[in-house]
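> Just the structure for this:
(chains A and B)
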Amino acid sequence: GENVEQHPSTLSVQEGDSAVIKCTYSDSASNYFPWYKQELGKRPQLIIDIRSNVGEKKDQRIAVTLNKTAKHFSLHITETQPEDSAVYFCAASTSQGGSEKLVFGKGTKLTVNP
Amino acid sequence: DTAVSQTPKYLVTQMGNDKSIKCEQNLGHDTMYWYKQDSKKFLKIMFSYNNKELIINETVPNRFSPKSPDKAHLNLHINSLELGDSAVYFCASSQDRGLGAFFGQGTRLTVV
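This is a model prediction of the structure:
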């Protein structure tokens, strides 16, 4: 089955710096890769996603890149702000028994220091 | 309006009890899920339903029984609760299978 590895598990940056979180996946048939942000005590929220026919996608300060050959994808946050502090999860879609499901990485705790 | 709502938000109960968590979505989505988030924050799918039909059932003890009366509701009943069941349970929905899911606010279950 699909295995998603996420690194680093914790990341601390200064306000204004960039942050990069990386994920690798094992199922070459995976074709959808969302990223979630979870603030303390809150629900995971979808912040950006990318499909396998696209190499990069941007939304203001957030961008995601995908390398299908290497089976890895990354989240880039520029000009970080304290409110970006949260746990970020990557995920990859995979087929199981004719259906699709998301497999999540173990999360990265991002701390943005003012 | 809350898109995916689940109740209760907190649930404290004794070992051996039976409890239910309810979930409703008003997004018109066809697919609903239950996820478990353990103390290490690891998110793992438990069940997935599409139009009231069970499509994914991960390796979950059969003490956990989901029920979908209609495509807007997916409830989770847990029998004979154990200490290891303590976690946050998230309901979620998506327009299609495997796509980005919208999560409910979670139910923090504590078994004592």
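
> Could you use CA atoms for every contact and neighbour count after this?
Noted.

> Pull the contacting residues for residue 110.
Just so you know, I chose chain A. The contact partners of residue A:110, taken as Cα atoms under 8 Å, 6 or more residues apart in numbering or on different chains, are A:10-13, A:84-88.

> wrong chain, I was asking about chain B
Applying Cα under 8 Å, 6+ apart to residue B:110 gives the contacts B:11-13, B:83, B:85-87.

> Just the buried residues from those, in PyMOL please.
The buried subset of these, as determined by 16 or more other Cα atoms under 10 Å in any protein chain shown, is captured in PyMOL by this line:
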select buried, chain B and resi 11+13+85+86+87
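
> would you turn the contacts of residue B:110 into CSV with pLDDT, distance to chain A and secondary structure?
Formatted as CSV, the contacts of residue B:110 follow (pLDDT from 0 to 100; distance: Cα to the nearest Cα, whole Å; DSSP: H, G, I helix; E, B strand; the rest coil):
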residue, pLDDT, distance to chain A, secondary structure
B:11, 97, 15, strand
B:12, 97, 17, strand
B:13, 97, 20, strand
B:83, 96, 21, helix
B:85, 96, 18, helix
B:86, 97, 15, coil
B:87, 97, 12, strand
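
> Closest to residue B:40 out of the contacts of residue B:110?
residue B:87 (9.7 Å; Cα to Cα).

> Can you name the residues bridging to that closest one?
Here residue B:87 sits in beta bridges with residue B:109, going by DSSP bridges.

> Hmm, it is touching residue B:38, no?
Yes: using Cα atoms under 8 Å, residue B:87 is in contact with residue B:38, at 4.9 Å.

> on that earlier part again, and the contacts of residue B:110 as JSON lines, adding distance to residue A:100?
Formatted as JSON lines, those follow (distance: Cα to Cα, whole Å):
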{"residue": "B:11", "distance to residue A:100": "30"}
{"residue": "B:12", "distance to residue A:100": "33"}
{"residue": "B:13", "distance to residue A:100": "34"}
{"residue": "B:83", "distance to residue A:100": "31"}
{"residue": "B:85", "distance to residue A:100": "25"}
{"residue": "B:86", "distance to residue A:100": "27"}
{"residue": "B:87", "distance to residue A:100": "24"}
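
> Specify which member of the contacts of residue B:110 is nearest to residue B:24.
Using Cα to Cα, the contacts of residue B:110 come closest to residue B:24 at residue B:11, 17.7 Å.
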